[in-house]
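Asks: what follows is a predicted structure for the sequence shown.
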Amino acid sequence: MRFKRNLAAMTDFYELTMSAGYLDEGYQDKIAVFDMFFRRVPDGGGYAIMAGLQTFIESLEDLSFMPEDIAWLRAGGTFDEKFLTYLQNLQLHCNIWAIPEGTPIFPHEPIVTVEGPAIECQLLETLLLVTFNHQCLIATKANRIVRAAAGHPVMEFGARRAQGYDGAYYGARAAYIGGCGSTSCVMAARDFGIPASGTMAHSWVQMFPTEYDAFAKYARLYPDACVLLVDTYNVLKSGVPNAIKVFDEVLKPMGKRPKGIRIDSGDIAYLSKKARKLLDAAGYADCTICASNSLDEYIVRDLLLQGARVDSFGIGENMITAKSDPVFGGVYKLAAVKQADGSYTPKIKLSETAEKMTVPCLKQVWRLYDADGKAMADLITVAGETVDAANGITLFDPAETWKHRTYTGCTAKCLSTPVYAGGKRVYQSPQLDDIRAYCAQQVANLWDEVKRFENPHRYYVDLSQQLWDIRARLLEEMSQ
């Protein structure tokens with residue numbers, strides 16, 4: 001039997017077993033607070049990029065268990081009819097806060113917070129994590145590569161190497177947020193409004209009797225967008241000379257100028273320099289050179305340091321799979337339980353590993369900016385706390401408490417943005433182009449030391465005094 005794709009069923013089985021237990025215990029109306037956060041930035045970077053919020057919102061818009069889902073669960077024999085009826089009538093009642101897409105984010109701060117009936121919070125866990133873990137990962141990797149390109153356009157070319165259809169589709173979206181200028185994935189370009197890019201493969205060149213014939217046909221078909229792949233046989237002896245010949249004999253009589261050539265193999269630094277000289281000597285100084293072939297941020301950076309005459313980059317597998325560090329590692333942990341009188345009982349998870357201990361309470365994340373708009377530090381507070389940075393604010397490291405600094409002349413902005421209230425959407429997502437522009441602007445607001453690829457400065461994410469006191473009290477109580 002084939003089932004219609006239904007994201008309500010995109011949940012780990014233990015979410016169902018726990019939820020059935022909550023219902024049996026009478027916890028269906030118990031209000032819980034869960035946070036998603038991550039513990040380390042991929043590739044040892046100084047920051048990550050928030051992405052996936054709009055995708056998550058869309059998955060919640062019609063979230064329900066279908067009759068065939070219920071029938072399948074019933075056939076398994078694990079759950080009673082009371083729980084199956086609950087699932088059949090499931091409706092969202094949660095409050096959800098999130099940091100907006102495109103925002104630089106840092107370890108241990110809640111990037112998504114869900115407050116609502118414990119069962120609903122539990123059932124959303126897997127869907128939430130798979131969405132944000134994937135898109136944050138790809139947006140972060142794309143942003144590293146785009147920064148390495150130092151203003152040269154970067155095209156996302158990874159669809160064929162992605163882990164499945166959704167990896168290609170949503171990965172293209174995340175890469176665009178991270179700063180890529182286009183995608184080769186037609187479906188993503190169509191649905192998200194991302195510029196589409198791509199020219200030809202080596203098979204096109206091989207299909208024709210000669211390389212010249214292949215180039216000439218392409219130039220006649222696409223005279224306004226003629227980019228020729230010149231490394232099928234020999235870049236300098238065949239590819240570039242044949243490209244120039246086609247530019248002269250096909251495009252020039254049409255009154256057209258070539259857009260570029262692409263080099264997909266070999267020593268790109270050397271070949272691009274030689275190709276540039278050939279193109280310039282032939283009168284095509286405006287013809288750009290695109291480089292591709294398993295590039296990443298380090299190769300891109302080195303090419304530019306070596307003086308490669310490359311105008312743009314096509315990046316595939318290393319970006320769409322975040323190959324060098326392919327797990328974002330976001331987790332979803334209980335932070336508080338709401339009592340009948342409206343108060344919250346904070347919850348904490350202990351661990352032998354300090355970094356795996358959680359931060360309790362319903363919380364908010366604030367970012368401190370100096371007078372020039374540079375991001376100085378983040379502050380996690382108990383929800384409802386007032387942050388007054390006008391007269392100076394002292395922050396301290398939650399683990400190494402002797403490290404502290406007073407920030408003056410700062411403004412504080414709350415990043416925790418309401419997305420759902422009582423199960424109803426209250427957030428209007430920006431357009432994707434606006435998210436991309438916002439991401440570039442927010443990254444520019446980070447100090448260069450935070451943006452280093454190797455050994456970046458640690459951006460401080462600290463706790464308010466009130467929150468630190470609550471956490472310290474819980475640790476003391478649980479150690480007795």
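Replies: Happy to help now that I have it.

Asks: Leu53 reaches Ile105, doesn't it?
Replies: No: at 11.6 Å, Leu53 and Ile105 do not qualify as touching, with contact defined as C-beta atoms under 8 Å. Where you see a C-beta, it was placed from the backbone N, CA and C, and this is true even at glycine.

Asks: any common contacting residues for the two?
Replies: Common contacts of Leu53 and Ile105, defined by C-beta atoms under 8 Å, 6 or more residues apart in numbering, are absent altogether.

Asks: so which residues of the stretch 1-150 of the chain form strands?
Replies: Using DSSP state E, counting those that start in this stretch, the strands of the stretch 1-150 of the chain run over 31-37, 48-49, 95-98, 104-105, 112-117.

Asks: just put the ones you listed in JSON lines and tack on mean pLDDT, mean neighbour count and distance to Thr17.
Replies: Below are those laid out as JSON lines (pLDDT from 0 to 100; neighbours: other C-beta atoms under 10 Å; distance: least, C-beta to C-beta, whole Å):
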{"stretch": "strand 31-37", "mean pLDDT": "98", "mean neighbour count": "24", "distance to Thr17": "17"}
{"stretch": "strand 48-49", "mean pLDDT": "98", "mean neighbour count": "26", "distance to Thr17": "32"}
{"stretch": "strand 95-98", "mean pLDDT": "98", "mean neighbour count": "24", "distance to Thr17": "24"}
{"stretch": "strand 104-105", "mean pLDDT": "98", "mean neighbour count": "24", "distance to Thr17": "31"}
{"stretch": "strand 112-117", "mean pLDDT": "98", "mean neighbour count": "24", "distance to Thr17": "17"}
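
Asks: can you tell which of those strands is closest to Lys141?
Replies: strand 48-49 (9.0 Å; C-beta to C-beta).

Asks: contacts for that closest one?
Replies: By C-beta under 8 Å, 6+ apart, the list of residues contacting strand 48-49 reads 38, 41-42, 102-106, 136, 139-140, 142-143, 177-178, 328, 439, 443.

Asks: do that again at 6 Å, thanks
Replies: With contact meaning C-beta atoms under 6 Å, 6 or more residues apart in numbering, strand 48-49 is reached by 41, 105, 136, 139-140, 143, 178.

Asks: now stretch 71-91
Replies: Identification of contacts with stretch 71-91 by C-beta under 6 Å, 6+ apart yields 20, 23, 64-65, 70.

Asks: I'd say Gly158 and Gly316 touch.
Replies: Yes: here Gly158 reaches Gly316: they are 4.3 Å apart, a contact under C-beta atoms under 6 Å.

Asks: who has more neighbours out of the two?
Replies: Gly158 (27 against 21; other C-beta atoms under 10 Å).

Asks: burial of the nearest residue to that one once chain neighbours are set aside, as a residue count?
Replies: Distances taken as C-beta to C-beta, 6 or more residues apart in numbering put Ile320 closest to Gly158, at 2.7 Å, once the chain neighbours are dropped. Ile320: 28 surrounding residues under other C-beta under 10 Å.

Asks: distance of Leu53 relative to Arg367?
Replies: Counting by C-beta to C-beta, to the nearest Å, the gap from Leu53 to Arg367 is 17 Å.

Asks: which one's more surrounded, those two?
Replies: Leu53 (26 against 23).
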